[in-house]
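Engineer: Following is a predicted model, sequence given first.
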Amino acid sequence: MINMPLDQIKERISQKTGLSEDEINQKIKAKLKQLPGLISEQGAAHIVANELKVKLFDIGEKLQIKNILSGMRNVDVVGKVLQKYELREFKTEKHAGKVANMLIGDDTGVIRVVLWHKQAELINQLKEGDIVKIRGGYVRDNQGRKEIHLSELSKLIINPPGVNVEVKPYEPPVAVRKSIADIKEDDVNVEILATIVQVFDINFFEVCPQCNKRVRLRDEGFLCPTHGKIEPEYNYVLNIYLDDGSDNIRTVFWRQQVEQLLSMDKSQIMVFKDDPSKFEPIKTELLGNIIKVIGRANKNQTFDRIELVVNQVDKSPDPDEEIKKLKEEVEKAVTQDKEANTTPIDTSQEAKHETQDNQDKAAQPPTQQEATLEEEDLENLDLDEELESIE
Ligand SMILES: [Zn+2]
């Protein structure tokens, strides 16, 4: 079932019929009254659209990336390749095959495209900046993010003649300052200011120097599934607990962020791999420091807890700036309080804002950190389930 947000249904009805938002809300309310407890507001909006003969999806109409919804099938869309990732081969108990993915964008947003098997090989013919036309894709939700998947029956046309795509200019996302206790599982860009209360040892692991994928030691040596026998490079990760008084959270620092946090380069950090005891005094030094980090929340399924994957570290936040921010937050809270007390709350408006927020989030290009995490994301995908749905 296609999950079209209420807000979008209303917008669509308004566009097609010229009815005002109030008029549409009236009709939805009336429908809810007719069928008390049987349908949601969204369901009622669907019925209203139907009665007004408003098609929520027009076949043949150009689909903008921001309007792509989970559950859509037979999706035709055009976009510009913003980023492409390497073709991967995989083997699970039931299946073996190839998968590749890329990010495409238009003037309304960015979305990930996942290519399977024969289609995946097309990634090698593509370069960033190419225009692609996708026909017959389907949209699925991968941990709150929409993705277009191509099945064997879908088509990918590279640089169709006469088609041009404008891309929405990149706007660096602004991180939202939060208390640790308020961090939600789907926060993609949240900033916290907190004290380091626990520091673990750095974990080192071997990766392929060519594709950065994790490699493991076999009898023959280190083997990369794509590049064969290789001399491994090292990547590392550091876990730290941060506490801001509201709660504490496990934060994950990957290579680049470890280097930022410790103000060290790779050669200096590699010393700790061979002699972990040399890291002990540094742990002690870190404890009690107040730092500012920006990252995205990640639900650790194994431990059923929310962690923060860091993509930016500020080791010495400017106290003046922090005080200013605090004051602003307080003022904002006070004004909101006042508004809440003097004007009736318009919930439809509130819902609208919320949806808009989510859409903006979805439209933001991924940060660098997300790009490096893409590997992990792929591993989270249930390949077997995915393949079953294709076949
Ligand atoms: Zn490799």
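Structural biologist: Received, thanks.
Engineer: where does the stretch 251-391 of the chain have low pLDDT?
Structural biologist: Where the stretch 251-391 of the chain drops to pLDDT under 70, the residues are 329, 332-391.
Engineer: ranges for the helices of it?
Structural biologist: Along the stretch 251-391 of the chain, the stretches classed as helices by DSSP state H, counting those that start in this stretch are 255-262, 266-274, 280-286, 319-342, 347-363, 368-380, 383-390.
Engineer: so who does the nearest residue to residue 70 once chain neighbours are set aside touch?
Structural biologist: Among residues not flanking residue 70 along the chain, residue 141 sits closest, at 4.1 Å (CB to CB, 6 or more residues apart in numbering). In short, each C-beta sits where N, CA and C put it, glycine included. Neighbouring residues of residue 141 by CB atoms under 8 Å, 6 or more residues apart in numbering: 70-71, 147.
Engineer: and residue 141, what are its bridge partners?
Structural biologist: Taking DSSP bridges as the rule, residue 141 bridges to residue 146.
Engineer: where does it land on pLDDT?
Structural biologist: We have a pLDDT of 86 for residue 141.
Engineer: For the stretch 51-200 of the chain, which residue gets nearest to the ion?
Structural biologist: Closest approach between the stretch 51-200 of the chain and the ion, counting by CB to the ion: residue 86, at 8.5 Å.
Engineer: Kindly report the residues of the chain close to the ion.
Structural biologist: 208, 210-211, 224, 226-227 (CB under 5 Å from the ion).
Engineer: how does it look with 6 Å?
Structural biologist: 208, 210-211, 213, 224, 226-227 (CB under 6 Å from the ion).
Engineer: Make TSV from these and add pLDDT to it.
Structural biologist: What follows is these, written out as TSV (pLDDT from 0 to 100):
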residue	pLDDT
208	88
210	82
211	81
213	83
224	88
226	82
227	85
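Engineer: of all the residues you listed, which comes closest to residue 331?
Structural biologist: The nearest member of the residues of the chain next to the ion to residue 331, counting by CB to CB, is residue 213 at 48.3 Å.
Engineer: count of residues packed around the closest one?
Structural biologist: Using other CB atoms under 10 Å, residue 213 has 16 neighbouring residues.
Engineer: these two touch, right, it and residue 225?
Structural biologist: Yes - with contacts counted by CB atoms under 8 Å, residue 213 reaches residue 225, the gap being 7.2 Å.
Engineer: What are the boundaries of the helices in the stretch 1-150 of the chain?
Structural biologist: Using DSSP H, counting those that start in this stretch, helices in the stretch 1-150 of the chain cover 6-17, 21-34, 41-51, 117-120.
Engineer: Residues in contact with the second one: which ones?
Structural biologist: Helix 21-34 is contacted by residues 10, 13-14, 19, 39, 41, 44-45, 47-48, 348 when judged by CB under 8 Å, 6+ apart.
Engineer: redo that, cut-off 10 Å
Structural biologist: Helix 21-34 is contacted by residues 6-7, 9-14, 17, 19-20, 38-49, 51-52, 348-349, 352 when judged by CB atoms under 10 Å, 6 or more residues apart in numbering.
Engineer: Check the last one too.
Structural biologist: Applying CB under 10 Å, 6+ apart, the external contacts of helix 117-120 come out as 87-89, 95-101, 113-114, 134, 137, 149-156, 387, 390.
Engineer: and if you look at stretch 202-219?
Structural biologist: 85-88, 221-239, 253, 255, 258, 262, 269-270, 272-274, 276, 279, 282-283, 372, 375-376, 379.
Engineer: now with 8 Å?
Structural biologist: With CB under 8 Å, 6+ apart, stretch 202-219 has contacts from 86, 222-227, 230-239, 258, 269-270, 272-273, 276, 279, 372, 375.
Engineer: that older thread, among the contacts of helix 117-120, name the ones in strands.
Structural biologist: Counted as lying in strands by DSSP state E, out of those, are 88-89, 96-101, 113-114, 134, 137, 149-150, 155-156.
Engineer: Pick out the residue nearest the middle of the chain.
Structural biologist: With distances taken as CA atoms, centre = their mean, residue 145 lies nearest the centre of the chain, 5.5 Å away.
Engineer: Next one: it from residue 63, what distance?
Structural biologist: Note on residue 145: its distance to residue 63, by CB to CB, to the nearest Å, is 18 Å.
Engineer: do residue 292 as well
Structural biologist: 40 Å.
Engineer: Equivalent analysis for residue 40, please.
Structural biologist: For residue 40 relative to residue 63 (CB to CB), the value is 25 Å.
Engineer: Those two: which is more packed in?
Structural biologist: More crowded of residue 40 and residue 63, by other CB under 10 Å: residue 63, with 20 against 10.
Engineer: contacting residues for the nearest residue to the more buried one once chain neighbours are set aside?
Structural biologist: Spatial nearest neighbour of residue 63, chain neighbours left out: residue 77 (5.0 Å); criterion: CB to CB, 6+ apart. Residues near residue 77 by CB under 8 Å, 6+ apart: 63, 65, 68, 104, 106, 133-134, 137, 148.
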